[in-house]
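Enquirer: Sequence and predicted structure below; questions after.
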Amino acid sequence: MGMGRKLAVLAGAGIAATAASAQPPQKVTGPVAVYWMSAATQSGFGMPGGGAGGGRPSMSSIMQMMNGGGGANHSLTLQLGSSEKPTAAPSAEHLPPQVLGVGPTLPLVSPEPPKVVAPEPEEPREPPVPREYQQPKGKMLIFWGCGEHAKPGQPVVIDFSQMTPANMAGGKMPAGFEMLSKGFAMNRMQPPSARRYTSYGEWPNAQARTTVPGTGSLIGGHTIRGDYSPEIKFSLNENQDFLGPLVLTTNTKTPGGPAQLGWGPVSGARAYAAIVIGASGAGGRGGGGGDPTVVLWSSSETGGGGFALPDYLSPGDLARGVETRALMGPEITSCAVPKEVVDAAPQGFLQMVAYGQEANFVYPERPKDPKIPWNRQWEVKVRYRSATGGLLGMTMPSMGGRAAAAGRGGYPGQAPPGATTDGQQAQAPPAQQTPQDAAAARRRAILQGIGGLIPH
């Protein structure tokens, strides 16, 4: 056999062996249904108008804070999406463990589609008189990063007076606007919604607004069933419960000018973020008269857009955020708000958030044999966060004398008598001060310190 023929035979054998060993990719279908649970823990005030960590605080939480009460609250958002259509009116429910404390069932209500109303013929009328253009006034100061003093190049100043029709022609924005998103290449997660799925149900809803008690727990078995989704069953263990409360142990303005923040580590947290929003000038209490100045600060070391962080972040975004120092790592428990921020917004509103990991489930499990198709029936995602808020440099009533209890689902416990959260000995109130006087003083301090962020 010639050399050329031998080589041809060997090449043919190699091709045959490769073809025999190659396997077609495993066929994957579904999931038919996707279920998301968003579990939040909130202590202190939530951020007015939204932001990292929560929405405007309720009047009940404000009154709790004023009266020295409070503690951690739990909230839960349930969202079920399915590619199947119900045979009749959509119906679904979540059967939670008894320890959640919300009753035997939570109805997942499908929002009604918007009604299409034919517009009534309009009578001819005079065209509206165009409004006179109102020139925006004021400025926005953007700071970022922990430290006693702001780093060189700060603050970035956005002058709203530059927002004239001529300057903004073609979609141009004032100088400095790019800083609002710099360093935060993080994607907002896309939970199930009525727009993205054939059938959809959610809780809370107009039919059921049951409140999750602060002692409620997610530990145990969960069942979701409905007429447009396969039955979903999974269990959560103690490491998949609500995150523990985020408790500030220090929130004081130091003699040198910066504000020192300290907090107890939250078991299960993968990253932390802090923001401050304040105002001075005509729009706030810190700067007297003049045009209003909005002050923003973020704990991020990479940019000033931390106030726009999503409420929840994926594990990949959390890891990347910690690596780039856009987020504080789980080992960090302190941060100094620069003196320049405190001077510009002496009564700023502080919000902190601890981001947790996820619990993910899928049924059925992926077959090990790639020849067997993986027909997914359902997927479940449980995501977690914990947040707190208050006035920068002011020990709030719910902070005083409280420390985080050990464990993921723990709650603040009472500190020893006479102790404060910054480790200093508490000053005894004047003997002539009655409990009513003390409560009134707390109310005045809170309402005055908000600086117009919360109406009163």
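Expert: That came in fine, so what should we check first?

Enquirer: how about the helix or strand hosting Ser43 as CSV, C-alpha atoms only?
Expert: Applying DSSP states H and E as the criterion places Ser43 in strand 33-44. Extracted in CSV, the C-alpha atoms of strand 33-44 (Å, rounded to 0.1, in the frame of the first residue of the first chain):
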residue,chain,number,x,y,z
ALA,A,33,-44.2,29.1,33.7
VAL,A,34,-41.9,31.5,35.5
TYR,A,35,-42.4,32.6,39.1
TRP,A,36,-40.5,35.4,40.9
MET,A,37,-40.6,36.2,44.6
SER,A,38,-39.0,39.5,45.6
ALA,A,39,-38.3,39.6,49.4
ALA,A,40,-37.4,42.9,51.0
THR,A,41,-36.5,43.9,54.6
GLN,A,42,-36.9,47.6,55.5
SER,A,43,-35.9,49.4,58.7
GLY,A,44,-36.0,53.1,59.3
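
Enquirer: Quick check: the closest residue in space to Val102 that isn't next to it in sequence vs Ala279, distance?
Expert: In space, and not counting its chain neighbours, Val102 is closest to Thr210: 4.8 Å by Cβ to Cβ, 6 or more residues apart in numbering. To be clear about C-beta, it is placed using only N, CA and C from the backbone, and glycine gets the same treatment. When distance is defined by Cβ to Cβ, to the nearest Å, Thr210 is 37 Å away from Ala279.

Enquirer: So if I had to pick from the two, which one is more boxed in?
Expert: Neighbour totals were compared for Thr210 and Ala279, and Ala279 leads with 24 against 15 (other Cβ atoms under 10 Å).

Enquirer: That one: which element?
Expert: Short version: Ala279 belongs to strand 269-280, going by DSSP H and E.

Enquirer: what packs against the helix or strand just after that strand?
Expert: Next helix or strand after strand 269-280 toward the C-terminus (DSSP H and E): strand 293-298. If you count contacts as 3 or more Cβ pairs under 8 Å, 6 or more residues apart in numbering; DSSP states H and E, strand 293-298 packs onto strand 139-144, strand 269-280, helix 339-344.

Enquirer: Sheet-wise, list the partners of strand 293-298 with their directions.
Expert: Counting by DSSP bridges, the strands paired with strand 293-298 are strand 139-144 (parallel), strand 269-280 (antiparallel).

Enquirer: Tabulate these (TSV), appending distance to Leu78 and mean pLDDT.
Expert: TSV is the format used below for the strands paired with strand 293-298 (distance: least, Cβ to Cβ, whole Å; pLDDT from 0 to 100):
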stretch	distance to Leu78	mean pLDDT
strand 139-144	35	91
strand 269-280	23	93
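
Enquirer: any low-confidence regions in the stretch 201-350 of the chain?
Expert: When residues are selected by pLDDT under 70, those of the stretch 201-350 of the chain lie in 281-290, 304-307.

Enquirer: my bad, the stretch 1-150 of the chain
Expert: 1-23, 46-71, 114, 116-118, 129-130, 132-136.

Enquirer: Tell me which stretches of it form strands.
Expert: 28-29, 33-44, 73-82, 92-95, 106-107, 139-144 (DSSP state E, counting those that start in this stretch).

Enquirer: where in the stretch 351-456 of the chain is pLDDT low?
Expert: 395-456.

Enquirer: please redo it, this time with the cut-off set to 90
Expert: Flagging of the stretch 351-456 of the chain using pLDDT under 90 yields the residue ranges 394-456.

Enquirer: if we can go back for a sec, starting from the strand holding Ser43, tell me which strands it pairs with and how they run.
Expert: Here strand 33-44 has these sheet partners by DSSP bridges: strand 73-82 (antiparallel), strand 378-391 (parallel).

Enquirer: how about the helices in the stretch 51-200 of the chain?
Expert: 59-66 (DSSP state H, counting those that start in this stretch).

Enquirer: my guess is Ser217 contacts Gln98, does it?
Expert: No. Between Ser217 and Gln98 there is no contact under Cβ atoms under 8 Å: 9.5 Å.

Enquirer: Which one's more surrounded, the two?
Expert: Ser217 (19 against 10).

Enquirer: Just give the nearest non-adjacent residue to that one, would you?
Expert: Closest residue to Ser217 apart from its sequence neighbours, by Cβ to Cβ, 6+ apart: Val99 at 4.3 Å.

Enquirer: and that neighbour, what is it in contact with?
Expert: 216-217, 219-220 (Cβ atoms under 8 Å, 6 or more residues apart in numbering).

Enquirer: Can you tell me which of these is closest to Pro121?
Expert: Sorting the contacts of Val99 by distance to Pro121 puts Gly216 at the head of the list, at 53.9 Å, by Cβ to Cβ.

Enquirer: Wait, that closest one touches Gly101, no?
Expert: Yes. Counting by Cβ under 8 Å, Gly101 is a contact partner of Gly216 at 4.2 Å.

Enquirer: which of the two has more neighbours?
Expert: Between Gly216 and Gly101, counted using other Cβ under 10 Å, Gly216 has the larger neighbour count: 21 against 16.

Enquirer: Look up how far Gly220 lies from the residue nearest to Ser217.
Expert: From Val99 to Gly220 the distance is 6 Å (Cβ to Cβ).

Enquirer: go on, Gly389?
Expert: 30 Å.

Enquirer: Check Tyr197 too.
Expert: 27 Å.

Enquirer: Looking only at neighbour counts, state which of these two leads.
Expert: Using other Cβ under 10 Å as the criterion, Tyr197 and Gly220 rank with Tyr197 on top: 19 against 14.

Enquirer: Spatially, and excluding backbone neighbours, which residue is closest to that one.
Expert: Gly81 (3.3 Å).

Enquirer: so that neighbour sits right up against Arg195, yeah?
Expert: No. In this structure, Gly81 is not within contact of Arg195 by Cβ under 8 Å, at 9.8 Å.

Enquirer: Those two: which has the busier surroundings?
Expert: The neighbour comparison of Gly81 against Arg195 (other Cβ under 10 Å) goes to Gly81, with 24 against 7.

Enquirer: quick one on the thing from earlier: beta-bridge partners for the residue nearest to Tyr197, please?
Expert: Bridge pairing for Gly81 - DSSP bridges - gives Val34, Tyr200.

Enquirer: Next: Phe349.
Expert: Beta bridges link Phe349 to Ile277, Leu391, judged by DSSP bridges.

Enquirer: And for Tyr363?
Expert: With DSSP bridges as the rule, Tyr363 is bridged to Trp378.

Enquirer: Lys233 now?
Expert: So, taking DSSP bridges as the rule, Lys233 has Thr223 as bridge partners.

Enquirer: OK, contacts around it?
Expert: 221-224, 363.
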